[in-house]
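Colleague: Pasting the sequence and the predicted model now:
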Amino acid sequence: MSTYYEYLHTVGFEETSIMGNIYYVNYLRWQGRCREMFLKERARDVLTELQEGLKLFTLRVDCELFAEITAFDELSIRMRLLELAQTQLEFGFDYVRVNPDGTENLIARGRQRVACMRGPNTKTVPARVPESLVRALEPYVS
């Protein structure tokens, strides 16, 4: 079993500028999409909890770019759990270009810190990371 959760993505024209460069914000969007797909595929109980008042607040996001990519590049966004606290999680993301010949290049690396909260928007309080999420993340601890 892999030590990371993998989300595969093909870069589209809408994610590029007129010069063909990838907009930086897309790297951050791909982190969020990877996290969403993880919940859908590996932690469906958390989706139910989100409907029942759990909130996952993104506190901090970053991404460091090492190489350029262009439209139609195939990416593997690989998520690992870097830190688990009572009410917060920190994820690490590797952005890997998968070349047609099967070789791979690390093109970027990012992090994302998430807090679990509950309650109405005006009175939101920290909440424990759901046990089902902790279990789902166990294989991906870095």
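Modeller: Sure, I can see it. Numbering: from 1, shown residues only.
Colleague: so residue 61, which of the three states?
Modeller: Secondary structure, DSSP: H, G, I helix; E, B strand; the rest coil: residue 61 is strand.
Colleague: Who does it form a beta bridge with?
Modeller: residue 112 (DSSP bridges).
Colleague: How many residues are close by it?
Modeller: Residues contacting residue 61 under the criterion other CB atoms under 10 Å number 16. Where you see a C-beta, it was placed from the backbone N, CA and C, and this is true even at glycine.
Colleague: quick one: contacts for residue 84?
Modeller: For residue 84, the contact set (CB atoms under 8 Å, 6 or more residues apart in numbering) comprises 129, 134, 137, 141.
Colleague: for residue 137, same thing?
Modeller: Counting by CB under 8 Å, 6+ apart, residue 137 has contacts 43, 81, 84, 89.
Colleague: one step back: weed out the non-buried ones from the contacts of residue 84.
Modeller: The neighbour-count criterion (16 or more other CB atoms under 10 Å) marks 129, 137 among those as buried.
Colleague: Fine, thanks again, bye for now.
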